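Colleague: Here's a sequence, model it:
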Amino acid sequence: IPTANQVSLGRETPKHYGITSPISLVQAKEADLVLTHRLTEALKPYGVFEEELELQRRIHVLGKLNTLVKEWIRDVSETKNLPASVIETVGGKIFTFGSYRLGVHTKGADIDALFVAPRHVERTDFFSSFLDKLKEQEEVKDLRAVEEAFVPVIKLSFDSIEIDILFARLALQTIPKNLDLRDDGLLKNLDIRCIRSLNGCRVTDEILHLVPDIENFRLTLRTIKLWAKRHNIYSNILGFLGGVSWAMLVARTCQLYPNAVASTLVHKFFLVFSKWEWPNPVLLKQPEDCNLNLPVWDPRVTPSDRYHLMPIITPAYPQQNSTYNVSVSTRAVMVDEFKQGLSITDEILQNKAEWSKLFEAPNFFQKYKHYIVLLASAPTEKQHLEWVGLVESKIRILVGNLEKNEFITLAHVNPQSFPGPKESREKEEVSTMWVIGVIFKKMEASENLNVDLTVDIQSFTDTVYRQAISSKMFEADMKIQAMHVKKRQLHQLLPSLVMPKPAERQTSGDPVPSSQNPTPPPCMGPPAAPQTPSPPATMGLPADPQTPSPPATMGPPVAPQTPSPPPTMGPPAANKTPNQEVLEEKSPKEHQMEDPSIVPETKTTEDRGAASAGEGEVHNKLIIMTQFHPNNNLIISLSPQRVVSTDLSDVPLLPANPIPVVKNSIKLRLSR
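Modeller: Numbers count the residues shown, from 1 in each chain. Sure, this is the predicted structure:
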């Protein structure tokens, strides 16, 4: 754990870092060192530092793993009849990357590792005989191979330390002990899976090489990662930033202030990125072309790159944007948090506040008047893990759909998930719930406004079901439910630790009409297809005289029962409960596993303050059931007297012939 004496003072150096000159070369003052010591002390209660004993255990485990690798490579070399002189020098090595390699891992975090092998060792050997060798080790538990993933990986627990091992086969006869993976020449004649596997190490090594002072960088990054997690903006998969992106933003700050210590760098981080003119990219070095014909981020060449909203470009070839999932809403949320962080650190530097104020978690569930609650459920724990992984990887599509709705200014998804309420006590289903805060635009011209979110939600659910069926992971009773909930109703769904039940119902919030609960109008579409859809079920929200009935579940399509191989995007670990350690790190890396084909919309967000101030109240909520028919039209009813046909010809057809899908619909009537 760094102490005040270990904080690096920083020194002026002629070496130039980054693509621009530094903003300031001012040396640290005594007051800066005192603030940095206070920062270190403020971080300790959050478990961001690992004890020396635990660190030594990690080093010991990695040493054992490295010995196993060398033994196995010798065995493989012998089976392939290599000369004895070559076998003794062939080499092979384990490299680390990610938070462990950067030196900012937290207590209990996993280790990301890369197995680098010479050219005669095949990937099939890694996933067969090396896997068998790992099975023989008594320290190895929970061993599983994900060979078909975007970045193939072997996951295991070695002496209770979680490790993800990637594989790269280099075009070298032997692996030298002093191998530098930053050498671009190593990428020649490699297949794309090996290049992807090498990318994590190459990016991590470049980041460490491009910062002026590694110790100052590490303490600053620990601070920013804790702040981002406490403020619920740490999630690449949901459109915020992941670990590598936060590391690059901190590294850029270090380049701009090369002689500053951590307390100053944290303040400058918020100063720089609260004023950054997005979508100008963040670059740690000038991109280089190695003429290997690999795709790199370049908006001049690739049209889709021009739509990226918050580009943060990896420094190693082939350069990629690590933030292609960022949307209009997630960027707006993060920029707002940067501005609040700047205000708080201004106070800290003026001795008007303590560092603990920076890590105070905001109450997401008091921030908005309206929320969309999304629930994914499956009959068994195993099916649930796969299903939740798929649903979570696609939530950004739903956020994008909501952003495109003409009546919505902002859709803010909370990265923290919660255990969902059970459909019934008789069933043993497992469910996970996400909450999305929504701000509606101010509409001057209309006294009452009908907002229909049915198609936005249906497009999202259809995408999830299509992928589940095509990847053969779909099982009966895998369901997605969506419903609109007001702020005052959230306590009925969320765990009490997150949202305590109010002592008495608030009366100053959203007024509710005295009329009785609205009755959902009947579906006015044509008859359903012959198959019978799954019966609707409720979200488990208790009904009361002021609360509209919850929506019916969207029953999944009927599909042939097939075994459920894990999807390539990889499900997350088990549900995170509210009191779970806030610093738990995800693995494998989300940005490596996501589908980069989704391009965020470029429309800008209107003034959020005005939108929030003019936000209307929901006086009526119509929940109807609709059906997807072979003619590809969704027939919905806005009122018993009016039928509207919405053309969905741009939505790809669901598989099978035909599949009736019961949809849940969300319709709001906003009163200004």
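Colleague: Mind listing what's buried along stretch 273-281?
Modeller: Under the neighbour-count criterion of 16 or more other Cβ atoms under 10 Å, stretch 273-281 has 273-274, 279, 281 buried. Every residue, glycine included, has its C-beta placed from N, CA and C.
Colleague: So which of those residues belong to helices?
Modeller: The helices, defined by DSSP state H, take in 273-274 from the buried residues of stretch 273-281.
Colleague: Show me which pair in the buried residues of stretch 273-281 is furthest apart.
Modeller: Spatially, the most separated pair among these is 274 and 281, at 17.2 Å (Cβ to Cβ).
Colleague: quick check: domain ranges of this protein?
Modeller: Following the TED database, one gets these domains for the chain: 16-46+211-361, 52-209, 364-495+661-671.
Colleague: which one of the ones you listed has the lowest average pLDDT?
Modeller: Note on the domains of the chain: domain 364-495+661-671 shows the lowest mean pLDDT, a mean of 85.
Colleague: ok now it, how far from the chain's centre?
Modeller: How far domain 364-495+661-671 lies from its chain's middle: 17 Å, per Cα atoms, centre = their mean, to the nearest Å.
Colleague: after whichever helix or strand residue 392 is part of, next one along is what?
Modeller: Taking DSSP states H and E as the definition, residue 392 sits inside helix 381-404. With elements assigned by DSSP H and E, the helix or strand that comes after helix 381-404 is strand 408-413.
Colleague: Restrict that next one to CA atoms and write it as CSV.
Modeller: The C-alpha trace of strand 408-413 is given here as CSV (Å, rounded to 0.1, in the frame of the first residue of the first chain):
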residue,chain,number,x,y,z
ILE,A,408,-37.6,11.0,-24.6
THR,A,409,-34.6,13.1,-23.6
LEU,A,410,-32.6,10.7,-21.6
ALA,A,411,-32.6,6.9,-20.8
HIS,A,412,-30.2,6.1,-18.0
VAL,A,413,-29.6,2.5,-17.2
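Colleague: what's the helix or strand that that strand is followed by packed up against?
Modeller: Heading C-terminal from strand 408-413, the first helix or strand you meet, by DSSP H and E, is strand 418-419. Applying 3 or more Cβ pairs under 8 Å, 6 or more residues apart in numbering; DSSP states H and E, we find strand 418-419 packed against strand 430-440.
Colleague: Doesn't residue 304 belong to a helix?
Modeller: Yes: checked against DSSP: H, G, I helix; E, B strand; the rest coil, residue 304 lies within a helix.
Colleague: out of the buried residues of stretch 273-281, who's nearest residue 119?
Modeller: Nearest to residue 119 among the buried residues of stretch 273-281, with distances taken as Cβ to Cβ, is residue 281, at 35.6 Å.
Colleague: ok, now which ones touch the spatially closest residue to that closest one that is not a sequence neighbour?
Modeller: In space, and not counting its chain neighbours, residue 281 is closest to residue 311: 4.0 Å by Cβ to Cβ, 6 or more residues apart in numbering. Counting by Cβ atoms under 8 Å, 6 or more residues apart in numbering, residue 311 touches 279, 281-282, 297, 305, 321, 323.
Colleague: what about residue 122, how many neighbours?
Modeller: As a burial measure, residue 122 scores 14 neighbours (other Cβ atoms under 10 Å).
Colleague: so what's the closest residue to it other than its chain neighbours bridging to?
Modeller: Leaving aside its sequence neighbours, residue 122 sits nearest to residue 169 (Cβ to Cβ, 6+ apart; 6.9 Å). Beta-bridge pairing for residue 169 (DSSP bridges): residue 117.
Colleague: my guess is residue 169 meets residue 195, correct?
Modeller: No: using Cβ atoms under 8 Å as the test, residue 169 is too far from residue 195 to be in contact (10.9 Å).
Colleague: of the two, who's got more company?
Modeller: residue 169 (21 against 17).
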